[in-house]
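1. Build me a model:
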Amino acid sequence: MATLQERMIGAAMLNPATYEEVEADQTATGQAALVVVIAAISTGLAGLRYGPSLVVWTIIAALIGWAVWAGLTYLIGAKLMPEPQTSADLGQLLRVVGFAMAPGVLGILGIIPFLGVLIRFVLSVWQLAAMVVGVRQALDYSNTGRAVLVCLIGFIAQWVIMATFMAMTVGSAFLTSGAMAR
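-> Numbering: from 1, shown residues only. Here you go, the predicted structure:
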């Protein structure tokens, strides 16, 4: 069995065998959550100039996003769009989605002036590619196209859910902070 670091590197390198390993290892869900938290901390630290609470909110949003995206991927990929050989449970999707966030550990590089936006975009695309590899392995799909479609549908749905959540929580905090009275 590989170490957490080896699994993170394998996941970031889009190694299908790494995703098969974490899919099968029922004890790796905690590791997957840790990958999500590490990536969120790294990304949050890049935005520290906006205040330390951003790091906390980034971690909370990342964990909620992880659970939502894994759940959506399970529903879409295993229930709505399965292939005959598809056999997966929510735990397997939580693990592969969590490890697909491994490229996010480089999120701190988003602090680099002028390049930060480009770096964050590249990391997002890299994470989406990792997600596709993980989903293909977890759902035992015979082609990558189906995994891409499941990931894109899940990504859009997750983004809408997360944007709504952020609007409700941040908007609520803004209104109750008295900012409107100024």
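2. quick one, longest helix in the chain?
-> Ranked by residue count and defined by DSSP state H, the top helix of the chain is helix 144-176.
3. Check which residues of it are buried.
-> Neighbour-count burial for helix 144-176, counted by 16 or more other Cβ atoms under 10 Å, picks out 146-151, 153-155, 157-158, 161-162. Just so you know, the C-beta spots here come from the backbone N, C-alpha and C atoms, and that holds for glycine as well.
4. So which elements touch it?
-> helix 53-73, helix 116-138 (3 or more Cβ pairs under 8 Å, 6 or more residues apart in numbering; DSSP states H and E).
5. tilt between the first one and helix 116-138?
-> The reference is to helix 53-73. Interaxial angle, helix 53-73 versus helix 116-138 (axes from the mean of the first three to the mean of the last three Cα atoms, to 10 degrees): 30 degrees.
6. Now whatever helix or strand comes next after helix 53-73 - C-alpha only, PDB.
-> Later in the chain than helix 53-73, the nearest helix or strand by DSSP states H and E is helix 90-100. What follows is helix 90-100, C-alpha atoms only, in PDB (Å, rounded to 0.1, in the frame of the first residue of the first chain):
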ATOM      1  CA  LEU A  90     -20.400   6.700  -2.400                       C
ATOM      2  CA  GLY A  91     -17.300   5.900  -0.400                       C
ATOM      3  CA  GLN A  92     -15.400   5.000  -3.600                       C
ATOM      4  CA  LEU A  93     -16.400   8.300  -5.200                       C
ATOM      5  CA  LEU A  94     -15.500  10.200  -2.100                       C
ATOM      6  CA  ARG A  95     -12.000   8.700  -2.200                       C
ATOM      7  CA  VAL A  96     -11.300   9.300  -5.900                       C
ATOM      8  CA  VAL A  97     -12.800  12.800  -5.900                       C
ATOM      9  CA  GLY A  98     -10.800  13.700  -2.800                       C
ATOM     10  CA  PHE A  99      -7.500  12.500  -4.400                       C
ATOM     11  CA  ALA A 100      -8.400  14.300  -7.600                       C
END
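7. returning to that earlier point: format the helices and strands packed on helix 144-176 as CSV; extra columns: mean pLDDT, distance to Ile38 and mean neighbour count.
-> Formatted as CSV, those follow (pLDDT from 0 to 100; distance: least, Cβ to Cβ, whole Å; neighbours: other Cβ atoms under 10 Å):
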stretch, mean pLDDT, distance to Ile38, mean neighbour count
helix 53-73, 87, 10, 19
helix 116-138, 94, 13, 19
